[in-house]
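> coords please:
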Amino acid sequence: MRRKTVQKRKKSTCSVLILSTLAFLVIVPVGYMIVCSFQKETGTGFSLMGYYHVFLAEPGYLMKFWRSLALCLAIACGQTIVSCMAGTAFAKYRVIGKKVLFGLMLLFMLLPIQVTLLPNYILLDRLQFLNSWKALIIPGIFAPFGTVWLTFVFRSLPGEMLEAASLDGANRLQNVFLILAPAARPSVITLFILSFVESWNMVEQPITFLEGVRQYPLSVFLAGIQGNSMAVQSVCGILCLFPVTFLFFYHQEELMEGIGESIWN
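As a prediction, the model looks like this:
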């Protein structure tokens, strides 16, 4: 018993050390960025000029922020809705060629994004979607990850739920959004957050599908502010961190529960 207790303590100590090291590596750059945001252009002394430039003197930064936020919300909402419907079809209904289609979605999900850039570029060019946000929103909405994610989640839910709802007169859309989605609420919220974070951090797609700095989202625009002072760069970095940090802390319980459900499924 003592040996087991000692081994457990060693394992817990090692895990704490590893997690503490990882947390330190993440927190230190963020803390350094926050400190730099309050510095003068000379690099010494306290100043709020960085915040003044970003929020008041040069509104272009905030415009980029709000436009990028709208873009990512459109992608995340669209992907969540489409994935709920497609995941229900794969998990609960009989569809001709369902296994083949699902296997193809798994294959496309495993492909690196660099492999799919050229085919997507050709397709978007023929659809005349290039140089507009359609080139980012439409591929993002129909990304295979969300469908695969919710298919496994919905398979774990009992089929009797849909049978009872159908007997009560519910149609298929009601089965999706009033029965399955609320039952798998943590996983659906987790999918929304992951989709938002992925679109918020995308770089290759805007550079490939868009032309002109005005159309670039904040993730690409940040690379073009290197000529500004360190304070302005730090404030823009903090502004870029805000939506993701807010979503994480606001939906922390659902995020942990949703990831746990996906691991079990």
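
> Report the buried residues of stretch 239-255.
239-240, 243, 247, 251, 254-255 (16 or more other C-beta atoms under 10 Å). C-betas here are computed from N, CA, C, even on glycine.

> same thing with stretch 19-26?
Judged by neighbour count using 16+ other C-beta under 10 Å, stretch 19-26 contains no buried positions.

> Just the CA coordinates for it, please, in CSV.
Listed next in CSV are the C-alpha coordinates belonging to stretch 19-26 (Å, rounded to 0.1, in the frame of the first residue of the first chain):
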residue,chain,number,x,y,z
LEU,A,19,1.5,21.2,-16.4
SER,A,20,3.2,24.0,-14.5
THR,A,21,6.0,24.2,-17.0
LEU,A,22,3.5,24.3,-19.9
ALA,A,23,1.5,27.0,-18.1
PHE,A,24,4.6,29.0,-17.5
LEU,A,25,5.6,28.8,-21.2
VAL,A,26,2.1,30.1,-22.2
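
> re earlier: which two from the buried residues of stretch 239-255 end up farthest apart in space?
Spatially, the most separated pair among these is 239 and 254, at 24.8 Å (C-beta to C-beta).

> What helices and strands are in contact with the one helix or strand residue 248 maps to?
Element membership for residue 248 (DSSP states H and E) is helix 230-250. Applying 3 or more C-beta pairs under 8 Å, 6 or more residues apart in numbering; DSSP states H and E, we find helix 230-250 packed against helix 2-37, helix 49-52, helix 60-92, helix 185-200, helix 218-221.

> Identify the residues contacting the last one?
Right, helix 218-221. For helix 218-221, the external contacting residues (C-beta atoms under 8 Å, 6 or more residues apart in numbering) are 64-65, 67-68, 200-203, 206-207, 213, 236, 239-240.
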